Structures are given as structure tokens and as C-alpha cells.
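Colleague: Sequence plus the predicted model coming up.
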Amino acid sequence: MVSTSNCKNYKDLPLNARRYLDAIAQLTGAKLWIVSVGPGRDQTLWLK
């Protein structure tokens, strides 16, 4: 398993993680704004 806790932006996420998040956004009709990759404040990716 690949750790995402050190990712600093959306493109740093593994391809399958991005596909999964994009699928959820498409299925729900919601826009992705925030992705959390860990419990720390510095582990929050702001997309917009």
C-alpha cells in the first residue's frame, strides 16, 4: 500500500486515489474542495 500522508498537492496522490476521488465527485455531483491525507493541518489538500 502506498502512503499518501506526505502528498502536498492533488497530483502527488497515486493515480488510483485520484480516480477514486474523481469517481465519488462525479457520482455525487459534488465538487472536490478538500482532501485530507492525515490528521495534521499540513496534511490537508485544498483543491480550489
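Modeller: Structure's in. What do you need?

Colleague: centroid residue for this protein?
Modeller: V35 (4.0 Å; Cα atoms, centre = their mean).

Colleague: State the helix or strand in which it lies.
Modeller: strand 34-36 (DSSP states H and E).

Colleague: what does that strand contact?
Modeller: 10, 13, 21, 43-47 (Cβ atoms under 8 Å, 6 or more residues apart in numbering). Quick note: C-beta positions are derived from backbone N, CA and C, even for glycine.

Colleague: In strands, which of those residues fall?
Modeller: 44-46 (DSSP state E).

Colleague: Among the residues you listed, the buried ones, what's the PyMOL command?
Modeller: Buried members of the ones in strands among the contacts of strand 34-36 can be picked out in PyMOL with the line below, counting by 16 or more other Cβ atoms under 10 Å:
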select buried, resi 45
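
Colleague: could I get the ones in strands among the contacts of strand 34-36 as CSV with pLDDT?
Modeller: Shown next, in CSV, are the ones in strands among the contacts of strand 34-36 (pLDDT from 0 to 100):
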residue, pLDDT
T44, 96
L45, 96
W46, 95
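
Colleague: Nearest to K31 among the ones in strands among the contacts of strand 34-36?
Modeller: W46 (12.4 Å; Cβ to Cβ).

Colleague: Check the contact between that closest one and W33; I expect there is one.
Modeller: Yes: the pair W46 and W33 qualifies as a contact (Cβ atoms under 8 Å) at a distance of 7.1 Å.
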